[in-house]
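Chemist: Pasting the sequence and the predicted model now:
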Amino acid sequence: MKELVVRTRLRFIARRIVPQDVQAVLKRLRLHGYQAFVVGGCVRDVILGKKPEDWDVTTDARPEEIIRIFERTVPSGVKHGTVTVLTDARPVEVTTFRVDAVYSDHRHPDRVAFTRDLHEDLARRDLTINAMALGPAGELVDPFGGRRDLDRKIVRAVGTPAERFREDALRMMRAVRFAAQLGMTIEAATLEAIKSEADLLRHVSAERIRDEFNKILVSPAPAAALEVLRETGLLSVFLPELLEGVGFEQNVHHAFTVWEHTLIAVETIPPVLHLRLAALLHDVAKPRTLTVVAGERHFYDHENLGAVMARSILRRMKYDNETIDRVTHLIRHHMALHLSPQMKDSAVRRLIARVGLDNIRDLLELRRADRMGSGKKPGPVSQGTLRLLARIERVLKEDAAFGLKDLAIDGNDVMRVTGLKPGPAVGRILRQLFEEVLENPALNRRDVLEARARTLAEGGTNHADRA
């Protein structure tokens, strides 16, 4: 009975969920006497009730035959059997059944050979849940038990796991990623093979590792995945700095080691990439900044060294400059959102100027995650942070400047009223005006700042600075 329900559901999927243009590609190939199926991740996703991002088609038609059958095509990967068919709705990649030769670089096959056997094509794929094919009438081809593994929530390699990972070492990261994304467990033999072959990940480019790691970080279960990466040895290949925190005790303010604290922080912070990267690396420097004073453990300046270490790590992993700057800024200031009793409003304005108004919300999220990871502090936010947020809200209601762009005058105004030409002197005057406005927002008026600029120019410039 259960099997009948499954077959009925698959027929519904094939007819109602597979897009019409993709169905048209399948039917046209079959009208010409060829086998044709949607294959791989899209089959996995529709069985799980998810909407696939891409639809891939596999067939026993050779590339030249695909090009002959369809009017509009692009030979996007003919060497590996792939032709892109251009439909009115989308481009559809159509790939000939194939078998792969030796992977001498542990990433790409040295050559491929075409085959007429769908099972041979599915046998070369990485995981059972990605080695299924679905025909236009709902017929499921599943020689390796992918649907059963989906039901049992198991990630399992196709065939002999070690062989699959020696062919393409990135498959080890993919196994961890799918487990994290789908709430699944990696099957024992597959997990052991990852442990034995982990060092092969060194053959994979930083960009590809980064892309898989990003998906792991923003998944519903990043902490469990990070622990798998650590246990298997994969993490030691691309992010060994984090391992310094494993078993590393903190101090009386923390119930957990640096590594355990990091896992909780990553899991707690919202699933936004720059936030999870910041949570992952915010305490990376603690093991390197440990000092013991009168028996007390301290980590002075760990936020600044952590920002330096994070920048080096993220550059090595080929993150873009915007992400690197954003993450390292959050790490450098992750201790900032706390109100000292002696803080004046001018100090609050300086804090806003230093961390950036646009970063306050992100810093608050990081502060919450950091606090939740302590294991000792009640509530998500301290009273000191709450008081500071109230002060920030009050200060924001003033006509205050939090950056040079907020001043009532700019560099052109300074040059106009002082006679200075473009150069360092103009910048020095603007910065001095900004400092004075931070102390007293009432000064942020055009007439006041222009008069003050003249005074500063007369007292601090030489003849060469004049226009």
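Modeler: Arrived safely, thanks for sending.
Chemist: Helix, strand or coil: sort out residue 113 for me.
Modeler: Classification of residue 113 using DSSP: H, G, I helix; E, B strand; the rest coil returns strand.
Chemist: any idea how far it is from residue 168?
Modeler: 17 Å (Cβ to Cβ, to the nearest Å). (Each C-beta comes from the backbone N, C-alpha and C, glycine too.)
Chemist: More neighbours: which of those two?
Modeler: residue 168 (21 against 12; other Cβ atoms under 10 Å).
Chemist: and that one, how far is that from residue 33?
Modeler: According to Cβ to Cβ, residue 168 stands 33 Å off from residue 33.
Chemist: Please apply the same query to residue 265.
Modeler: Counting by Cβ to Cβ, the gap from residue 265 to residue 33 is 58 Å.
Chemist: go on, residue 173?
Modeler: Distance, residue 173 to residue 33, using Cβ to Cβ: 40 Å.
Chemist: which one of these two has more residues nearby?
Modeler: Neighbours were counted for residue 173 and for residue 33 using other Cβ under 10 Å; residue 173 has more, 25 against 9.
Chemist: Would you map the helices across the stretch 351-467 of the chain?
Modeler: Secondary structure of the stretch 351-467 of the chain (DSSP state H, counting those that start in this stretch): helices at 360-372, 383-396, 411-418, 424-439, 446-460.
Chemist: Now residue 206: phi and psi?
Modeler: For residue 206, the backbone dihedrals (degrees, to the nearest 10) come out as phi -60, psi -40.
Chemist: scratch that, residue 343
Modeler: phi -70, psi 130.
Chemist: Next one: it relative to residue 395, how far apart?
Modeler: The value you get for residue 343 to residue 395, if Cβ to Cβ is used, is 11 Å.
Chemist: What are the neighbouring residues in contact with residue 218?
Modeler: 271-273, 276 (Cβ atoms under 8 Å, 6 or more residues apart in numbering).
Chemist: what does the average pLDDT come to for stretch 39-57?
Modeler: Mean pLDDT, stretch 39-57: 91.
Chemist: what does it contact?
Modeler: 10, 13, 17-19, 22, 25-26, 29, 36-38, 58, 85, 90, 92-95, 121-122, 125, 129-134, 140, 146-147, 150, 182.
Chemist: May I have the distance across it, first residue to last?
Modeler: Stretch 39-57 stretches 6 Å from its first residue to its last (Cα to Cα, to the nearest Å).
Chemist: Please spell out which residues along it are buried.
Modeler: Of all the residues in stretch 39-57, those buried under the rule 16 or more other Cβ atoms under 10 Å are 39-47, 52, 55-57.
Chemist: The closest residue to residue 456 other than its chain neighbours: neighbouring residues, count only.
Modeler: In space, and not counting its chain neighbours, residue 456 is closest to residue 429: 4.9 Å by Cβ to Cβ, 6 or more residues apart in numbering. Here the number of neighbours of residue 429 (other Cβ under 10 Å) works out to 25.
Chemist: before we move on, what about residue 252?
Modeler: Residue 252: 8 neighbours (other Cβ under 10 Å).
Chemist: can you give me phi and psi for it?
Modeler: phi -70, psi -20.
Chemist: I'd like to know how far it sits from residue 448.
Modeler: For residue 252 relative to residue 448 (Cβ to Cβ), the value is 50 Å.
Chemist: Check residue 23 too.
Modeler: 71 Å.
Chemist: Next up, the contacts around residue 133.
Modeler: Residue 133 makes contact with 37-39, 43, 58, 118, 122, 140-142, according to Cβ under 8 Å, 6+ apart.
Chemist: and with 7 Å instead?
Modeler: Taking Cβ atoms under 7 Å, 6 or more residues apart in numbering, we find residue 133 in contact with 37-39, 43, 58, 118, 122, 141.
Chemist: Keep only those of those residues that are in strands.
Modeler: Counting by DSSP state E, the contacts of residue 133 place 37-39, 58, 141 in strands.
Chemist: nearest to residue 390, of these?
Modeler: The shortest approach to residue 390 among those belongs to residue 38, at 55.9 Å (Cβ to Cβ).
Chemist: Next, the contact list for the closest one, please.
Modeler: Counting by Cβ under 7 Å, 6+ apart, residue 38 has contacts 18, 22, 55-57, 133-134.
Chemist: which residues of the stretch 51-200 of the chain fall in strands?
Modeler: 56-59, 73-77, 82-86, 91-96, 98-100, 112-114, 133-134, 140-141, 154-155, 185-186 (DSSP state E, counting those that start in this stretch).
Chemist: can you give me the mean pLDDT across the fifth one?
Modeler: In this model, strand 98-100 carries a mean pLDDT of 86.
Chemist: List the contacts of it.
Modeler: By Cβ under 7 Å, 6+ apart, the residues outside strand 98-100 that reach it are 81, 109, 112-115, 120-121, 124.
Chemist: hang on, the earlier thing: would you turn the contacts of residue 133 into JSON lines with distance to residue 156?
Modeler: As requested, these are exported to JSON lines (distance: Cβ to Cβ, whole Å):
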{"residue": "37", "distance to residue 156": "21"}
{"residue": "38", "distance to residue 156": "21"}
{"residue": "39", "distance to residue 156": "18"}
{"residue": "43", "distance to residue 156": "16"}
{"residue": "58", "distance to residue 156": "21"}
{"residue": "118", "distance to residue 156": "20"}
{"residue": "122", "distance to residue 156": "14"}
{"residue": "141", "distance to residue 156": "17"}
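Chemist: Nearest to residue 158 among those?
Modeler: For the contacts of residue 133, the nearest to residue 158 is residue 122 (7.5 Å; Cβ to Cβ).
Chemist: where in the stretch 101-250 of the chain is pLDDT low?
Modeler: 101-102, 105-109 (pLDDT under 70).
Chemist: how does it look with 90?
Modeler: Residues of the stretch 101-250 of the chain meeting the criterion pLDDT under 90: 101-113, 136-138.
Chemist: Grab the nearest non-local neighbour of residue 398.
Modeler: Distance criterion Cβ to Cβ, 6+ apart; nearest residue to residue 398, sequence neighbours excluded, is residue 441 at 4.9 Å.
Chemist: Model confidence score at the one you found, please.
Modeler: 86.
Chemist: Same question for residue 438.
Modeler: So, for residue 438, pLDDT stands at 86.
Chemist: Can you give me the neighbour number for the closest residue to residue 36 other than its chain neighbours?
Modeler: Spatial nearest neighbour of residue 36, chain neighbours left out: residue 29 (3.8 Å); criterion: Cβ to Cβ, 6+ apart. By other Cβ under 10 Å, 25 other residues sit near residue 29.
Chemist: For the helix or strand hosting residue 29, which outside residues touch it?
Modeler: Assigned by DSSP states H and E, residue 29 belongs to helix 20-31. For helix 20-31, contacts defined as Cβ under 7 Å, 6+ apart pick out 36, 38, 55, 57, 59, 61, 69, 85, 87-90, 92, 94, 136.
Chemist: Go again with 10 Å.
Modeler: 14-15, 18-19, 34-38, 42, 52, 55-61, 65-66, 69-70, 85-94, 134-137 (Cβ atoms under 10 Å, 6 or more residues apart in numbering).
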